[in-house]
Every structure is written in structure tokens, then in C-alpha cells.
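Enquirer: predicted coordinates and the sequence they were generated for:
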Amino acid sequence: MNNTIVRLLQDWGVNPDSMYWLYWCFVVLGIAIVIYIVNLLCNRGIIPLVRKLREGTRSKWDDILLNDIVLKDITRLLPPILITILLPLAFSEDNHVLEFLLKVNTIYMIVVVAKLLCSFLSSMYNLTSSSDKLKSHPLKGVYQMLKIVVVCVALIIIVSILINRNPEYILTALGASAAVLMLVFKDMIMGLVAGVQLSANDMLRPGDWISMPKYGADGDVIEVTLTTVKVQNWDKTITTIPPYALVSDSFQNWRGMKDCGGRRIKRSVYIDMRSITFCTKEQHKDFARRGWLDGVEREDKFVVNLHVFRNYLENYLRHHPRVSKRLTIMVRQLQPTAQGLPLELYFFSDGTEWVPYEHLQAEIFEHVFAMLPTFGLRVFQSPMGIDFNGGLSGE
């Protein structure tokens, strides 16, 4: 082919002094045409074909792994490969221009390969994020670390090409400055180690509700990266926490509450102890008629109104449609205080949504306060001026 081009140039009457440059231009133009044709075939033929085959399958993994970005990066590999094969045709083996161009082409190829690997890792992350088994694990930091490794390896190889040294020489130099590198990449290294610990011990997943007062975080985890954990608080602000802080410090994860399907309600009503008495005959008959004495161990004149009230509340909670029957239901007394006797209601809602939870809690305690006088009980309340004055004037 070289001889054919030379004869063609001679037939055209080209000056021998310009023969070399024209020959080089012909070869470079031919290489450019070949690369253009191959690139056109890939963009107009192969990629659309792969796209149709990808869309024709029922599985989703090929749609994610062979997305358009990955296919584009694959086609970008063809020009440097063709240049490596065809460019020596335009120069002699000991030509310095050929050596320079091949070196530039090799660097470009390394950049393209690194870009392809990073795109593939991004596709792998999207694939694992769509998996039911893996989407709950904080894997984004791991993939980010792998991308950093790919970029670092590519930079080492590029530098070794530019300075005409073996990559081992650069690695040895980096090893000598390991202390400096560890200081520079301290957050990344600690973040990677913390991310592995969080994932291996299943301490944190995207979507978990966590509370960490030290960092002002109380909300859902929306993203776990190599250097930060983003938490969207209930007021819609975003708090960022270093991953290693979640390993070294204490935080509260509410995932167990969501998994069990019930949210605990634990609140006390302070009973005025002066209102705790034995039931009168009238109260006894009234309570028996209403069925509130069922299950109460008693002798006729030794039934305490608070005992009946506790029994009533437990039955009320067990029959409430929005109280979980699978979890603990209990009404108990706590240590008496100067503010009265705390009567604690301990139960779980049948659901974990915040608004229905608050509505249920309010509804139940409104019922508790309304029923107290029926049992002859009073809630303790600190006295106000109206209590000492005997009421408002005119009433």
C-alpha cells in the first residue's frame, strides 16, 4: 500500500522534496476516514442494534449494565485502538513523531478505559440499588472508593508514560510518602472503613430513621457516600454526618420500630391521690351493670375505683381498632410523686405513620381524661389563682 501511494504521487508529478509530507498526509487522511467509518457504523448500526436487543429482553440487568453511556464509552475505545494499529503505516519505526503520537494516543486510551470502568461501576451501583436484597445496604461509598482506585491507577500509568519510567517506580515513591497520602486521604480512608463496618453489621441503611442529637440529626437517611451520610430531618433540613462518627459515637436507629409495624405510646396521667377510694355501693352496682368489674378480683366492699379504672383502660385498649394486639398492652402505676400518682399507659399503635400515631395518642388520652370523673377520680393539676380566689366574680 505504501508503494502504491508513492507511485501515485510520482504519477501526479509531486516534487520528491514534498513526497514525504504528502505521503504522510495521505496516510493520516486514510486513517481518519477509516476511524470515521468505524465510528459511524458503531453509532448508526451496532449501538441501535444492541439497544433493540436490550429492550427486547425481560430482564433489567442488561438495561442497566448496557446503558447508552457505557455503550458510548465502549465505542470511544475504537479510535485509539485503530490509531495504534494504523499509525505506524505513516512513519518509520524509529521516527520521533510516531513515538510522540503513539504516546499521546496511549494516554488517551488510558483515559477512555478509566472512563469506561467508572461508567461500568456506576451501572453496577444502579443495578445493586434496584435489587431488593442489596438496595438497603450503603454500597455507594464502596463504589466511590473503587472509582478513586481506578482513577489513581490511571494517573500512575499516565505519569509513568510521560516520564518514561516503570509504574513500579512511582508506586515506590508513593510508598515513601504514605504518611502524607494518609493525611490527605484521611477522611476517605476512614469513610471507607466505616462504610464497610456499617454495611457488614447492618447498622444503617438508606431510608432508616435515625436520631443523633450530637449532630442535630433526626430524620431519614437519604444517602450514604464515602465521606458523608445525609439525613433529612423532619423540618426538611439536611444534616451531614461523617460515616466514622456513626461507628465511633452512639446513634438511635428506629428501623426496628418500622419493621415490627407498631409505634410505642408511653405516657402517664397524674392522679390526685385524694380521689383514690373504695367504690361506693352505687358505684359498685353501676360498674357491675356496665361490665367494668369483669376480671376484677374483689370482695364486695373492697373494690378500689383506681383498680376498676385500670381494668377498664386495659380492656378499652385491647378493643381499640388502631391499637396493636400483637404487642404489649399495659396500664401500670409508677412511683408516687408530689404531683400525684402516675398512671402510665403502655401500648403500641397499629402502624408507624406519624400523623395517625399522634391522632391515636390524642384520642386515647382525651378519652382517659373524660372518663376519670365517672370513676370518681381526679387528675392532678397545679393550683392557679382562680383556685385560691374561689372562682371568678359573678360565677
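Expert: Perfect, I can see it now. Numbers count the residues shown, from 1 in each chain.

Enquirer: which stretches of this protein form strands?
Expert: Listed in chain order, the strands found in the chain under DSSP state E are 209-212, 217-224, 229-233, 238-241, 252-253, 263-271, 330-333, 341-349.

Enquirer: ok, which of those comes nearest residue 119?
Expert: Closest to residue 119 of the strands of the chain is strand 217-224 (CB to CB; 20.2 Å). Every C-beta, even on glycine, is put in place using the N, C-alpha and C of the backbone.

Enquirer: ok, which of the strands of the chain comes nearest residue 59?
Expert: strand 217-224 (27.2 Å).

Enquirer: just want the angle from the closest one to strand 229-233.
Expert: 140 degrees (axes from the mean of the first three to the mean of the last three CA atoms, to 10 degrees).

Enquirer: what does strand 217-224 rub up against?
Expert: 138, 140-141, 195, 198, 204-212, 229-234, 238-239, 241, 243, 251 (CB atoms under 8 Å, 6 or more residues apart in numbering).

Enquirer: could you rerun that using 10 Å?
Expert: Applying CB atoms under 10 Å, 6 or more residues apart in numbering, the contact partners of strand 217-224 are 137-141, 191, 194-195, 198-199, 204-212, 229-241, 243, 245-246, 251-255.

Enquirer: buried only: go through those residues for me.
Expert: 137-141, 191, 194-195, 198-199, 204-206, 208-210, 212, 229-232, 239, 241, 243, 245-246, 251, 253, 255 (16 or more other CB atoms under 10 Å).

Enquirer: contacts only, for the residue lying closest to residue 228 once chain neighbours are set aside.
Expert: If the residues on either side of it in the chain are set aside, residue 228 comes closest to residue 240, at 4.5 Å by CB to CB, 6 or more residues apart in numbering. The contact partners of residue 240, by CB under 10 Å, 6+ apart, come to 215, 217, 223, 225, 227, 228, 229, 230, 231.

Enquirer: run the last query once more with 8 Å
Expert: Per CB under 8 Å, 6+ apart, neighbours of residue 240: 228, 229, 230, 231.

Enquirer: and these, which two are furthest apart?
Expert: Top of the distance list for the contacts of residue 240 (CB to CB): 228 and 231, 9.8 Å.

Enquirer: for residue 277, grab phi and psi.
Expert: When read as degrees, to the nearest 10, the backbone of residue 277 gives phi -140, psi 170.

Enquirer: next, count neighbours for it.
Expert: 12 (other CB atoms under 10 Å).

Enquirer: burial of the nearest residue to it once chain neighbours are set aside, as a residue count?
Expert: In space, and not counting its chain neighbours, residue 277 is closest to residue 305: 6.0 Å by CB to CB, 6+ apart. Residue 305 is flanked by 22 other residues according to other CB under 10 Å.

Enquirer: and the strands of the chain: which comes nearest residue 167?
Expert: strand 217-224 (32.9 Å).

Enquirer: buried sites along that closest one?
Expert: For strand 217-224, using 16+ other CB under 10 Å, the buried residues are 217, 218, 219, 221, 224.

Enquirer: now that strand, how far from the centre of its chain.
Expert: 8 Å (CA atoms, centre = their mean, to the nearest Å).

Enquirer: who's in contact with the closest residue to residue 120 other than its chain neighbours?
Expert: Nearest non-adjacent residue to residue 120, counting by CB to CB, 6+ apart: residue 70, 6.1 Å away. The contact partners of residue 70, taken as CB under 8 Å, 6+ apart, are 116, 119, 120, 123.

Enquirer: and if you look at residue 358?
Expert: With CB under 8 Å, 6+ apart, residue 358 has no contacts at all.

Enquirer: please tell me how far it sits from residue 364.
Expert: 11 Å (CB to CB, to the nearest Å).

Enquirer: what do you get for residue 268?
Expert: Residue 268 is 13 Å from residue 364, by CB to CB.

Enquirer: residue 210 now?
Expert: From residue 210 to residue 364 the distance is 28 Å (CB to CB).

Enquirer: care to break the protein down by domain?
Expert: 2-135, 163-253, 261-375 (automatic domain parsing).

Enquirer: tabulate those (TSV), appending distance to residue 150 and mean pLDDT.
Expert: Output for the domains of the chain, formatted as TSV (distance: least, CB to CB, whole Å; pLDDT from 0 to 100):
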stretch	distance to residue 150	mean pLDDT
domain 2-135	5	75
domain 163-253	14	80
domain 261-375	41	89
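
Enquirer: any chance of the ones you listed in CSV, plus distance to residue 149?
Expert: As requested, the domains of the chain are arranged in CSV below (distance: least, CB to CB, whole Å):
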stretch, distance to residue 149
domain 2-135, 10
domain 163-253, 10
domain 261-375, 40
